[in-house]
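Peer 1: no FASTA, just this:
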């Protein structure tokens with residue numbers, strides 16, 4: 001087994017072949033449950049990924065989102081498309097992807113957020129990400145829509161030495177197509 005080569009690149013720096021390869025990797029890693037909207041949410045930010053001579057091993061990206069909390073708008077880093085190839089799980093690759101994305105969040109955003117699957121939650125919790133204890137919503141055109149299904153699976157992480165906002169208030173995310181978070 002060769003040592004993986006690690007890459008960090010903005011979406012605009014990925015060649016069409018690299019983008020297509022990442023999309024195919026995520027389709028496989030999420031076992032067909034990775035939509036065109038999910039792919040769109042993964043683009044436009046910084047990608048951290050590993051590959052070796054057998055292909056892609058792990059991927060994640062962090063994109064900018066806006067979230068309103070207590071009448072203030074925050075620019076946050078939202079983590080998307082984190083996956084590790086099935087035959088290479090439990091080797092620390094997911095942790096290395098997250099470490100790279102967390103460095104971006106620490107240096108560029110007020111805090112980080114993500115929506116965790118049941119299988120991914122342990123990785124995030126072990127890295128100090130915390131379940132948001134307050135309400136979760138999304139800003140629609142004319143109103144805020146609360147998302148009770150996202151409560152308990154939305155994780156946040158302080159960026160650098162900046163504190164997290166108070167979880168006693170709602171986090172209202174910007175709208176986007178597809179799954180709202």
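Peer 2: Nice, thanks for sending it over. Every value quoted in this text rests on a predicted model; they were computed, and no experiment measured them. Residues are numbered from 1 along each chain as shown.
Peer 1: And the strands in the protein, which stretches?
Peer 2: For the chain, the strands defined by DSSP state E cover 5-10, 46-52, 55-69, 72-84, 111-115, 130-131, 136-139, 144-146, 154-158, 171-173.
Peer 1: Could you point out which of these sits nearest residue 33?
Peer 2: strand 72-84 (11.1 Å; C-beta to C-beta). All C-beta atoms are positioned from the backbone trio N, CA, C, and that covers glycine.
Peer 1: how far off strand 46-52 does the closest one point, in degrees?
Peer 2: Angle of strand 72-84 versus strand 46-52, following axes from the mean of the first three to the mean of the last three C-alpha atoms, to 10 degrees, is 10 degrees.
Peer 1: Next, the contact list for the residue nearest the centre of the chain, please.
Peer 2: Geometric centre of the chain, nearest residue: residue 79, 1.5 Å, by C-alpha atoms, centre = their mean. Residue 79 makes contacts with 60, 61, 62, 98, 101, 105, 112, 113, 114, as judged by C-beta atoms under 8 Å, 6 or more residues apart in numbering.
Peer 1: hey, what's the last one bridged with?
Peer 2: With DSSP bridges as the criterion, residue 114 is bridged to residue 155.
Peer 1: For the residue nearest to residue 100 when sequence neighbours are not counted, list each beta-bridge partner.
Peer 2: Nearest residue to residue 100, sequence neighbours excluded (C-beta to C-beta, 6 or more residues apart in numbering): residue 48, at 3.7 Å. Beta-bridge partners recorded for residue 48 (DSSP bridges): residue 8, residue 60.
Peer 1: residues contacting residue 48?
Peer 2: So residue 48 contacts 6, 7, 8, 59, 60, 61, 96, 97, 100, 101 (C-beta under 8 Å, 6+ apart).
Peer 1: Test my guess that the last one contacts residue 46.
Peer 2: Yes. The pair formed by residue 101 and residue 46 meets the contact definition of C-beta atoms under 8 Å, at 7.2 Å.
Peer 1: shared neighbours, those two?
Peer 2: 61, 62.
Peer 1: which one of those two has more residues nearby?
Peer 2: A direct count of neighbours by other C-beta atoms under 10 Å for residue 101 and residue 46 places residue 101 higher, at 25 against 21.
Peer 1: Kindly tell me how buried the closest residue to residue 164 other than its chain neighbours is, as a neighbour count.
Peer 2: Nearest residue to residue 164 in three dimensions, chain neighbours excluded: residue 158, at 4.9 Å (C-beta to C-beta, 6+ apart). Residue 158 has 17 neighbouring residues, counting by other C-beta under 10 Å.
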